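[1] Structure for the following, please:
(one chain, ligands or ions: 2)
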Amino acid sequence: MQEAQFCTKALEHPIFKTISEVSNNLGMDSYVIGGYVRDHLLNRGESKDIDIVTVGSGIQLAKEVANRLPGQPKVSIFKNYGTAMISTDSIELEFVGARKESYRMESRNPAVENGTLEDDQNRRDFTINALALSLQKESYGALLDPFKGLDDLKNKIIRTPMEPDLTYSDDPLRMLRAIRFSTQLNFKIESDSLDAITRNADRIKIISKERISDELHKILAANKPSSGLTLLEKTNLLEIILPELTSLKGVEDIEGQRHKDNFWHTLEVVDNISKTTDDLWLRWAALLHDIGKAPTKKFDTNQGWTFHGHEFLGSKMVYRLFKRLKLPLNDRMKFVQKMVLLSSRPIVIATEVTDSAVRRLIFDAGDHIDELMTLCEADITTKNPNKQKKYLENFKIVREKIIEVEERDHIRNFQPPVTGEMIMETFGLKPSREIGVIKDAIKEAILEGTIKNDFKEAYQFMLQQGEQLGLKKK
Ligand code: ATP
Ligand code: MG
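    Numbering: from 1, shown residues only. Ligands and ions are numbered 1, 2, ... in the order given. Got it, this is the predicted structure:
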């Protein structure tokens, strides 16, 4: 028998002593289990989320623990799951009674009965998530590791405690969790597991879109999201979850003209941008910036491969994709759409940076001009160092020009210096088409640089425009 290992350092927070004492009084054995133990052993910093499993009622334990805590925090009870939560400023505790689970084919919600700690560890998804620390007085801090999870932590391996096919088929969300943990922790998924995921990929269809999106967010938030995206592709999960991306795979060759593989290019762009920003939605934008390329791809004997209008179509596809995955259909989606729509604009103007092109870019990108530039810089994936240097320098010039033009012309969050009301007032108009025509003409003139972005010039210009339309000043 292996000598017991102790890990009392993980239990320094006074809450653990309290739980230990309360459990002892109730005559119930309790353990810290799962992510908290794993992250402590990995030195990932103290996690806020603590999962407690008890051989008995988790709800009863939670109530008694809350009574002993300063201010007696509220206990949230989820009767259906037999779990209870206590939130304080510094931690979130989740209590659950140890249980045994059995699954049915059509659902990831198991039939549940009370069980021992071992039963509970058996139902855990990965060996590294089944590690438990004893809170019993006589064995306080002892590590209970029935599946050699500690070895897997050391060797950086994701492995299931039970037979992988059964584990993934029972709860297909675990396939995404495996890939997510592998990406977050930089662990390798053990090969039997990876094969089982590939065999069971189709079962991901029974998982709710919200759960899937949560895991995608976590993969995208990792340091190197391409590791996870590559695994999703390899296991055929990506084809089911994000077919817009797998459609970008492949290179075609006609008359010796090839285009790049836009799928692998996209993965590089996502990794690039992840080095410079933690903004999840900007990372989403990087992931989706080329999705319009599959449906717009054409070969033209004169121009070679073209993807005309892919940015516009791509931004429309973002809406459908967000809707399907139950991602938020709010300003965040609009931001992603905007990034996709404008993703080629800085590239187009980089070769000849005119003031008016920069003004238009600032006008269209508004507050998100910096993010757009970050996306475009990440979009450079050429392997030719000279080209890479040149492209980056061009964008540097665009960035400088943006600052210069913005300081002078104040186009960001552009408010027309002459309002619709003023136009109506000046010409004695009721709401009508002419007002829009004049407003647009003023905006165009400012962006083109024909007039300055100030009241005096815009007012004069309005009078001229009105005259051309046959309007008379009141
Ligand atoms: P993180 O909080 O970083 O996502 P975690 O491991 O704490 O990681 P949770 O979702 O908080 O993950 O779950 C807590 C624990 O519950 C896990 O460590 C694991 O033991 C168990 N668990 C969670 N989801 C599943 C699942 N789908 N199948 C089996 N066990 C699971
Ligand atoms: Mg957790």
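[2] contacts, neighbours, all on C-alpha from now
    OK.
[3] for the nearest residue to Ala84 once chain neighbours are set aside, phi and psi?
    Computed as CA to CA, 6 or more residues apart in numbering, the closest residue to Ala84 that is not its neighbour in sequence is Ile77, at 4.4 Å. Backbone torsions of Ile77, given as degrees, to the nearest 10, read phi -110, psi 130.
[4] what does the model give Ile77 for pLDDT?
    Ile77 carries a pLDDT score of 97 in this model.
[5] got the contact list for it?
    Counting by CA atoms under 8 Å, 6 or more residues apart in numbering, Ile77 touches Ile59, Thr83, Ala84, Met85.
[6] try it again with 10 Å
    Gly58, Ile59, Ala62, Lys63, Thr83, Ala84, Met85, Ile86, Glu94, Phe95 (CA atoms under 10 Å, 6 or more residues apart in numbering).
[7] Which of those sits closest to ligand 1?
    Glu94 (9.0 Å; CA to the nearest ligand atom).
[8] in the protein, which ranges drop under the pLDDT threshold?
    1-3 (pLDDT under 70).
[9] okay, now the domains of it?
    Following automatic domain parsing, one gets these domains for the chain: 5-155, 156-241, 420-468.
[10] starting at the chain centroid, how far to the longest one?
    Right, domain 5-155. What separates the centre of domain 5-155 from the centre of its chain is 28 Å, taken as CA atoms, centre = their mean, to the nearest Å.
[11] That one and ligand 1, any residue contact?
    Yes. Counting by CA under 6 Å from any ligand atom, ligand 1 has neighbours in domain 5-155: Gly34, Gly35, Arg123, Arg124, Asp125, Asn129, Ala130.
[12] Hmm, Met162 and the last one touching each other?
    By that I understand Ala130. No. With contact defined as CA atoms under 10 Å, Ala130 and Met162 do not form a contacting pair (11.3 Å).
[13] Just want to know which of these two has more residues nearby.
    Remark: of Ala130 and Met162, Ala130 carries more neighbours, 27 against 16, as counted by other CA atoms under 10 Å.
[14] what about that one, distance to Ser47?
    16 Å (CA to CA, to the nearest Å).
[15] got it, and Thr296?
    Between Thr296 and Ser47 the distance is 46 Å, computed by CA to CA.
[16] Over to Leu238?
    Computed as CA to CA, the Leu238 to Ser47 distance reads 30 Å.
[17] Next: Met333.
    Computed as CA to CA, the Met333 to Ser47 distance reads 30 Å.
[18] Out of those two, name the residue with the larger neighbour count.
    Met333 (20 against 16).
[19] What sits closest to Ser247 if chain neighbours are left out?
    Leaving aside its sequence neighbours, Ser247 sits nearest to Ala294 (CA to CA, 6+ apart; 6.0 Å).
[20] doesn't that neighbour fall inside a helix?
    Yes. According to DSSP: H, G, I helix; E, B strand; the rest coil, Ala294 belongs to a helix.
[21] which residues touch it?
    Glu244, Leu245, Thr246, Ser247, Leu248, Lys249, Asn262, Phe263, Phe307, His310, Gly314.
[22] Whatever residue of the stretch 151-300 of the chain ends up closest to ligand 1: how many residues sit nearby?
    When scored by CA to the nearest ligand atom, the stretch 151-300 of the chain has Arg174 as its residue closest to ligand 1, at 5.1 Å. Neighbourhood size, Arg174 [other CA under 10 Å]: 19.
[23] right, and it touches Arg123 too?
    No. In this structure Arg174 lies outside contact range of Arg123 using CA under 10 Å: 11.5 Å.
[24] can you list residues touching both of these two?
    With CA under 10 Å, 6+ apart as the test, Arg174 and Arg123 both reach Thr160, Thr167.
[25] Packing partners of the helix or strand harbouring Phe322?
    In the assignment (DSSP states H and E), Phe322 maps to helix 310-324. Contacts defined by 3 or more CA pairs under 10 Å, 6 or more residues apart in numbering; DSSP states H and E place helix 310-324 against helix 209-220, helix 243-246, helix 280-288, helix 293-296, helix 331-342.
[26] C-terminal to the fourth one, what's the next element?
    The reference is to helix 293-296. Under the assignment DSSP H and E, the closest C-terminal helix or strand after helix 293-296 is strand 298-300.
[27] Name the residues of the next helix or strand along the chain from that next one that come out as buried.
    Using DSSP H and E, the helix or strand that follows strand 298-300 in sequence is strand 304-306. The neighbour-count check on strand 304-306 (16 or more other CA atoms under 10 Å) flags Trp305 as buried.
[28] repeat for stretch 244-253
    For stretch 244-253, burial by neighbour count (16+ other CA under 10 Å) applies to Glu244, Leu245, Thr246, Ser247, Leu248, Lys249.
[29] tell me which element the closest residue to the third one other than its chain neighbours falls in.
    Using CA to CA, 6+ apart and skipping the chain neighbours, the partner closest in space to Thr246 is Glu239 (5.7 Å). Glu239 is part of helix 237-241 when elements are defined by DSSP H and E.
[30] Spit out the contact partners of the residue nearest the centre of the chain.
    Central residue of the chain (CA atoms, centre = their mean): His217, 3.0 Å from the mean position. Taking CA under 10 Å, 6+ apart, we find His217 in contact with Arg180, Arg211, Pro225, Leu280, Trp281, Arg283, Trp284.
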